[in-house]
Structures are given as structure tokens and as C-alpha cells.
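Chemist: Sharing a model that was predicted from the sequence below.
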Amino acid sequence: MALAVASCLMCYGWGQTNSSLQLPKAIADANAAVRLGIPQGARVLLRDIIVFSDGVPDPSLRAFVEPLLKNALTEAGLTIVATPQEVRREVEERQLERNSDEIHKGSLPPKGTILRESVELKVTVHLVRSAKEWAALLGELRRRRINIGGFLIRNKETGAVLFAEFVDNATQTTLAQLVSFASDKDQTFALTGTPFGAIFLSRDNQRQRDLNALRAAMGYLSRLLKAKMTEREPLKGKVLGKVAGITTTFVAINLGRLDGVREGMRFTVHPVRMVGGERVTLPACAGLRVLVVNDTNAVCDVVDGSLDAINEGDEVREVMAENRTSGTRDGIAERGESK
């Protein structure tokens, strides 16, 4: 029978079919209070990836997890930067090439093109194969104040519990910590294209169960990252943001529906300039009215002041209803008023 299945594999090929990988409620609940606070395109350094098997780091499983993790980060809109070792090797190669007369200098990359990270990521994964290992891990979960109620490891199942800690590179403080977990039952492999339809692989192989659990946990982490990257908590009180772009007619701001912005809202634009070597926010130079809103930004027209006075990066502040008086409009002198 094994020979027959092997022959089918060679003749017809095989495919992998996952569950739909919808984010389980238990994972959503465990991460509900977490605010990632990382902008799209943030540069991430994979500082540590450790996969524990039988309580001991397993380098081969780390090698399995790393490309899955990189793919999850990239799909979430983050940028992965080189490790310090890779940077050191690249710098040495570039210096050698620049000092060589055999290499065309115009083909070398310009100096200052290696980007460093703004966020560091530390990932720890624990494989759980028994009630004893699960009980030991619960202590770690309690220490981190994480509740993953509803996640159980049954007999002959393997579970993977993944912790992802995001650290601000400038301050070395933790920005957020996400947790993902799955069992090997969340990942299904099937042979397809055989004359017999789909034939499911056996789960008797412990190594395969380990890989299935890791793959499923990483799949859920990918979904979680995408959700958290677009999740923005509505700001309380006056909404503050920045000018994100300018056309010949309109101004885009980096605030949207998720920040509580609605059509018709008014904002004042405050220039941000360098004064005496410091960035200073100046008095309002223009007033904006929101025309179109999507989740994360809005398009406005200029109702007071001049479009020419607005620069990308200037601060925008919501004009509260009680501040709209007839004498001046949104804190800006009426056009034509003597100075």
C-alpha cells in the first residue's frame, strides 16, 4: 500500500490544504487588549527566534519557523532589515569591492543605503505534547498575564504556543506582545489529483505533528498581525494628526474613520518648522473641511487660509464645535482682514 501511495505521489503530485485559518475566537480574545502601535512599513529586525522542543531550543525547528515568520511580517506591511551579522558581512564586501580595481564602481550601491531597524522582534515558541508540558507552560502564561482559555491539548496531539514581543529600538521598551497558538489538528495535509480523490496523510509521525502545529500557529499569527496593523483606537477628545499629502486642490491627512473622523469635520493646519535647531509647531495657517473619509485617512478642501502655506508633515488639529465663532473662523483671521 505504501508503494501504491508513493507511486500516486510521483505520478499525480500532491497538494497542501489548510483550514481557512480564520482567526479563532480564543486567539482574538487573548490579544483583544493589545494595541500594536507600529506604522505600516516599519523596519523590523528579527532579534531572536527560539523554538523549544522538550524544553530545549531546537535549531532545525527555528529554521522552519523563520521563513514563515518573515512572510507573515511582509504580508502585514512591515519591512524586514538585515541582522547585525548580515550587515557586517555586507559592509565588508562593499569595502572590498570599492577597494578593488577589477569592479566597476558605477555598479556598486551608494553609501548610506543599509537601513537599520525601528522595531525589534523576539519570538519564542513552545511545542506542547503532554499534559505535563502544558501545565509547565501555564506558569509562563500566568507570568505574562496571558489568558488563552479554550485552548486544550488532547491525547496524541501536539500544540504550539507562540509569543511575539515587539520592542522599540530607540528606547528598548516593549511596545506590544502577541500570542498565537494551535494544535496539529488545525493543519491538514491531503494528497490531491489521485484516482482515489483526496487521501489524508497519517498523523503518527511526531515530527510531522510538530511541523503542522508550528505552521498553523504561524498562520494564525499572520492573520493576527494583519488585523492589528489596521486596528486603530479612536482618539479621545480633540483629534490630532498630520498632513499626509497635497495636490493642487486638496489636502490629505493621516486620520480616518478609525480615528473618529467624519465628513464635514473641520481641522486647522499648524506649520511645523525648524526654529533655533528645534521643531516648533506654529499658529494655524489654514483651515480644512473633510470631504471624503476612509478607514485611515481623509481628503479635505481648504476653507480658510492658503493652500500654498501648507506643507506635508504639518500638524492638523480638530476644531471643536464650541470653538467655531463668527468673529474668526477656526482660529484663523478672516481673509482680507487688516493685520
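Modeler: Nice, thanks for sending it over. Residues are numbered from 1 along each chain as shown.
Chemist: going forward, measure contacts and count neighbours with C-alpha atoms only.
Modeler: Fine.
Chemist: could I get the helix or strand hosting residue 90 in CSV with only the CA atoms?
Modeler: In the assignment (DSSP states H and E), residue 90 maps to helix 84-98. Coordinates of each C-alpha in helix 84-98 appear next as CSV, following Å, rounded to 0.1, in the frame of the first residue of the first chain:
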residue,chain,number,x,y,z
PRO,A,84,23.9,42.8,12.5
GLN,A,85,25.8,39.8,11.2
GLU,A,86,24.4,40.2,7.7
VAL,A,87,25.1,44.0,7.9
ARG,A,88,28.7,43.3,9.0
ARG,A,89,29.2,40.9,6.1
GLU,A,90,27.7,43.3,3.6
VAL,A,91,29.8,46.2,4.8
GLU,A,92,33.0,44.1,4.5
GLU,A,93,32.0,43.0,1.0
ARG,A,94,31.3,46.6,-0.1
GLN,A,95,34.6,47.9,1.3
LEU,A,96,36.5,45.1,-0.5
GLU,A,97,34.7,45.8,-3.8
ARG,A,98,35.3,49.6,-3.5
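Chemist: Ramachandran angles for residue 58?
Modeler: Per-residue torsions, residue 58: phi -120, psi 100 (degrees, to the nearest 10).
Chemist: Tell me where the stretch 1-150 of the chain has strands.
Modeler: Applying DSSP state E, counting those that start in this stretch to the stretch 1-150 of the chain gives strands spanning 15-16, 43-53, 56-57, 79-80, 119-128.
Chemist: residues of the helix holding residue 90 that come out buried?
Modeler: Buried positions in helix 84-98, judged by neighbour count with 16 or more other Cα atoms under 10 Å: residue 94.
Chemist: Mind giving me the packing neighbours of that helix?
Modeler: Contact analysis of helix 84-98 by 3 or more Cα pairs under 8 Å, 6 or more residues apart in numbering; DSSP states H and E lists no helix or strand as a packing neighbour.
Chemist: still on that earlier bit, now, of the strands of the stretch 1-150 of the chain, which is deepest in the fold?
Modeler: Counting by mean count of other Cα atoms under 10 Å, strand 119-128 has the highest mean neighbour count of the strands of the stretch 1-150 of the chain, with a mean of 22.
Chemist: So residue 127 is in contact with residue 163, correct?
Modeler: No. Look at residue 127 against residue 163 with Cα atoms under 8 Å: they stay out of range, at 11.9 Å.
Chemist: Let me see the ranges of the strands in the stretch 151-300 of the chain.
Modeler: 159-168, 174-183, 189-194, 197-200, 240-246, 250-253, 266-270, 272-275, 278-281, 286-293, 298-305.
Chemist: Counting neighbours, what do you get for the spatially closest residue to residue 318 that is not a sequence neighbour?
Modeler: Leaving aside its sequence neighbours, residue 318 sits nearest to residue 267 (Cα to Cα, 6 or more residues apart in numbering; 4.4 Å). Per other Cα atoms under 10 Å, the neighbour tally for residue 267 reads 27.
Chemist: Which positions in the longest helix seen in the chain come out as buried?
Modeler: Using DSSP state H, we find that the single longest helix of the chain is helix 206-229. Under the neighbour-count criterion of 16+ other Cα under 10 Å, helix 206-229 has 209-226, 228-229 buried.
Chemist: contacting residues around it?
Modeler: Here helix 206-229 makes contact (Cα atoms under 8 Å, 6 or more residues apart in numbering) with 21-23, 28, 35-40, 61, 65, 68-69, 72-73, 75-76, 127, 157-162, 179-188, 203.
Chemist: at 6 Å instead, please
Modeler: 23, 72, 76, 159-160, 180-184, 186-187 (Cα atoms under 6 Å, 6 or more residues apart in numbering).
Chemist: could you dump that helix to PDB, C-alpha only?
Modeler: The C-alpha trace of helix 206-229 is given here as PDB (Å, rounded to 0.1, in the frame of the first residue of the first chain):
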ATOM      1  CA  GLN A 206       5.700  13.100  15.700                       C
ATOM      2  CA  ARG A 207       7.900  15.300  13.600                       C
ATOM      3  CA  GLN A 208       5.100  15.900  11.200                       C
ATOM      4  CA  ARG A 209       2.800  16.800  14.000                       C
ATOM      5  CA  ASP A 210       5.300  19.300  15.300                       C
ATOM      6  CA  LEU A 211       5.600  21.000  11.900                       C
ATOM      7  CA  ASN A 212       1.800  21.000  11.400                       C
ATOM      8  CA  ALA A 213       1.300  22.700  14.800                       C
ATOM      9  CA  LEU A 214       4.000  25.300  14.100                       C
ATOM     10  CA  ARG A 215       2.600  26.000  10.600                       C
ATOM     11  CA  ALA A 216      -0.900  26.500  12.000                       C
ATOM     12  CA  ALA A 217       0.300  28.800  14.800                       C
ATOM     13  CA  MET A 218       2.300  30.900  12.300                       C
ATOM     14  CA  GLY A 219      -0.800  31.100  10.000                       C
ATOM     15  CA  TYR A 220      -2.900  32.400  12.900                       C
ATOM     16  CA  LEU A 221      -0.100  34.900  13.800                       C
ATOM     17  CA  SER A 222      -0.200  36.200  10.200                       C
ATOM     18  CA  ARG A 223      -3.900  36.800  10.400                       C
ATOM     19  CA  LEU A 224      -3.500  38.400  13.800                       C
ATOM     20  CA  LEU A 225      -0.800  40.800  12.600                       C
ATOM     21  CA  LYS A 226      -2.800  41.900   9.600                       C
ATOM     22  CA  ALA A 227      -5.800  42.700  11.900                       C
ATOM     23  CA  LYS A 228      -3.600  44.500  14.500                       C
ATOM     24  CA  MET A 229      -1.800  46.600  11.800                       C
END
